[in-house]
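> Everything below, folded, please.
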Amino acid sequence: MQEILFRRAQAGDAIGLCDFWNALSAASKRTFAPFGQSPRLDHYEDVVRGNDPVSGDKHDLVAVAGDRIIGWGFVWALTADEPVFGLGVADAYHGQGVGAGLMDAVLAVPRVSNLPRLYLTVVTDNQRAWGLYARRGFVRYGAFIGEDGLHFYRMARDGRANGATQLKQVDMQWLNEPGSWKDQNGVLAVHTEPKSDFWRKTHYGFIRDNGHFYGQPVTGDFVAEVKVSGNYHDLYDHAGLMVRLDETTWIKCGIEFFEGSQHVSAVVTRDYSDWSVIPAPQNPPAVWLRVTRHGEAIEIKYSFDGQTYMLLRQAHLTDEPTLSVGPMCASPDGNGFDAIFEGFKIDNI
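Now for the predicted structure:
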């Protein structure tokens, strides 16, 4: 394999950067277009000037194979309020670690690593990029539609942070929105609809996918937490957290009313649902849930005081990079009940 070198953009690179972008496939140009779809040579000349070590406000690294630029990572507007990160790799080098290497090299530069925040935009269907950015601490905080009609997510990263980065709860969307609910000051209050449920096939033979799920997409590994309480009173009333790929692949966990009392419950569904419950002592006023994703595995823990957590379940779900996560509730046999969710948060890990 030809040796690949990373170096700072330098005098004479304008034509090489221009040739690099022109050689990208139409699909790659769609997702990496720092100057739009009609760049000019003077755009790339401005990049080179911006990398002046004294007066420049840009830091561009290029990956070079032989005499060709085959990758480009950058941070622009280093002295502005919203410095911007970008990354592109030649099609023939996708999946070979060039993008990850460039990104790590750029993020390690002192002028970059000491930035309070760093921003980027990514096309919403570019899941490969999502995973890479999420693993480097970028989190979604908004969305927009570009002038060309493409849908983008805005992402940001604390440049000085180590470890987990908390996701802002934005773009939360209902699956089966209930008739009565309120999300205010970190508290979600829901009154469930009668005969609502999530279940597939096992034992009962039916499929129901009309429970209430208030979720947001998350890419990569994460920890999700929430405090849940409710006035459960009918058989199978339940509330908690859901992790969901689609109608055939999901996990729900929380409190479920069963045999006249509250039980800590988990249902894992991969086309067929399974169900496990354990009694919750003395019908506790609330339960805290902590759901952790590591690759294809999901770990479910619960607590009755928000301090000491106990393991309920470990399960295989899916290796798909992006799942939806959020509060869930349903009343399969009853006429509805009130559920309260407090302090919902998600951290990348």
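> Validate this expectation: Trp21 resides in a helix.
Yes - assignment of Trp21 by DSSP: H, G, I helix; E, B strand; the rest coil places it within a helix.
> Name all residues that make contact with it.
Applying CB atoms under 8 Å, 6 or more residues apart in numbering to Trp21 gives the contacts 29, 32, 39, 88. Every residue, glycine included, has its C-beta placed from N, CA and C.
> how about TSV for the residues you listed, with distance to Trp72, neighbour count and secondary structure added?
Listed next are the contacts of Trp21 as TSV, based on distance: CB to CB, whole Å; neighbours: other CB atoms under 10 Å; DSSP: H, G, I helix; E, B strand; the rest coil:
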residue	distance to Trp72	neighbour count	secondary structure
Lys29	13	16	helix
Phe32	8	18	coil
Pro39	12	16	coil
Gly88	5	24	strand
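> Relative to Phe144, which of those residues is nearest.
Ranked by distance to Phe144 (CB to CB), those are led by Phe32 at 17.3 Å.
> Do me a favour and average the pLDDT over stretch 196-212.
Stretch 196-212 shows a mean pLDDT of 94.
> May I see the buried residues of that stretch?
196-200, 208-209, 211-212 (16 or more other CB atoms under 10 Å).
> right, and Leu120 touches Pro83 too?
No - taking contacts as CB atoms under 8 Å, Leu120 lies outside contact range of Pro83: 9.8 Å.
> And the two? Which one has more around it.
Pro83 (22 against 19; other CB atoms under 10 Å).
> got the contact list for the more buried one?
Pro83 neighbours (CB under 8 Å, 6+ apart): 75-77, 112, 115, 117-119.
> Show only the entries of those residues found in strands.
Of the contacts of Pro83, the ones assigned to strands by DSSP state E are 75-76, 118-119.
> before we move on, what SS does Asp52 have?
coil.
> distance of it from Val62?
Relative to Val62, Asp52 is positioned 16 Å away (CB to CB, to the nearest Å).
> Then Arg293?
35 Å.
> Trp275 now?
54 Å.
> neighbour count winner among these two?
More crowded of Trp275 and Val62, by other CB under 10 Å: Val62, with 22 against 15.
> if we can go back for a sec, any chance of the contacts of Trp21 in a markdown table, with pLDDT too?
Output for the contacts of Trp21, formatted as a markdown table (pLDDT from 0 to 100):
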| residue | pLDDT |
| --- | --- |
| Lys29 | 96 |
| Phe32 | 96 |
| Pro39 | 95 |
| Gly88 | 96 |
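> Spit out the contact partners of Asn126.
Thr31.
> Quick check: phi and psi at it.
Main-chain torsions, Asn126, degrees, to the nearest 10: phi -90, psi 70.
> So His303 sits against Tyr309, correct?
Not His; residue 303 is Ser. Yes - judged on CB under 8 Å, Ser303 makes contact with Tyr309 at a distance of 4.5 Å.
> which residues do those two both contact?
Common neighbours of Ser303 and Tyr309 (CB under 8 Å, 6+ apart) are 288, 290.
> how deep is Arg135 tucked in, by neighbour count?
16.
> any idea how far Leu61 is from it?
19 Å.
> can you list the weak-confidence ranges in this structure?
1, 159-171 (pLDDT under 70).
> of all the ones in strands among the contacts of Pro83, which comes closest to Gln314?
Leu118 (34.5 Å).
> how's the chain carved up into domains?
4-162, 173-348 (automatic domain parsing).
> How far away from the center of its chain is the longest one?
Okay, so that is domain 173-348. Domain 173-348 sits 18 Å away from the centroid of its parent chain (CA atoms, centre = their mean, to the nearest Å).
> now stretch 71-86
Relative to its chain's centre, stretch 71-86 lies at 22 Å (CA atoms, centre = their mean).
> What of stretch 138-155?
Using CA atoms, centre = their mean, the offset of stretch 138-155 from its chain centre is 14 Å.
> Can you mark which positions in it are buried?
For stretch 138-155, a neighbour-count test (16+ other CB under 10 Å) marks 138-140, 152-155 as buried.
> hey, where'd the strands end up in the stretch 1-150 of the chain?
Ranges of strands in the stretch 1-150 of the chain, per DSSP state E, counting those that start in this stretch, are 4-8, 34-37, 59-65, 68-76, 84-89, 118-123, 139-145.
> Adding distance to Val47, write these out as a markdown table.
Conversion of the strands of the stretch 1-150 of the chain to a markdown table gives the following (distance: least, CB to CB, whole Å):
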| stretch | distance to Val47 |
| --- | --- |
| strand 4-8 | 11 |
| strand 34-37 | 9 |
| strand 59-65 | 6 |
| strand 68-76 | 8 |
| strand 84-89 | 11 |
| strand 118-123 | 17 |
| strand 139-145 | 24 |
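> Can you tell me which of those strands is nearest to Gly343?
It is, among those and with distance given as CB to CB, strand 139-145, at 17.6 Å.
> After that closest one, heading C-terminal, what element do we hit next?
Next along the chain after strand 139-145, taking DSSP states H and E as the criterion, comes strand 151-157.
> Pull the residues that contact that next one.
Here strand 151-157 has contacts from 85, 117-125, 130, 133, 136-146, 165, using CB under 8 Å, 6+ apart.
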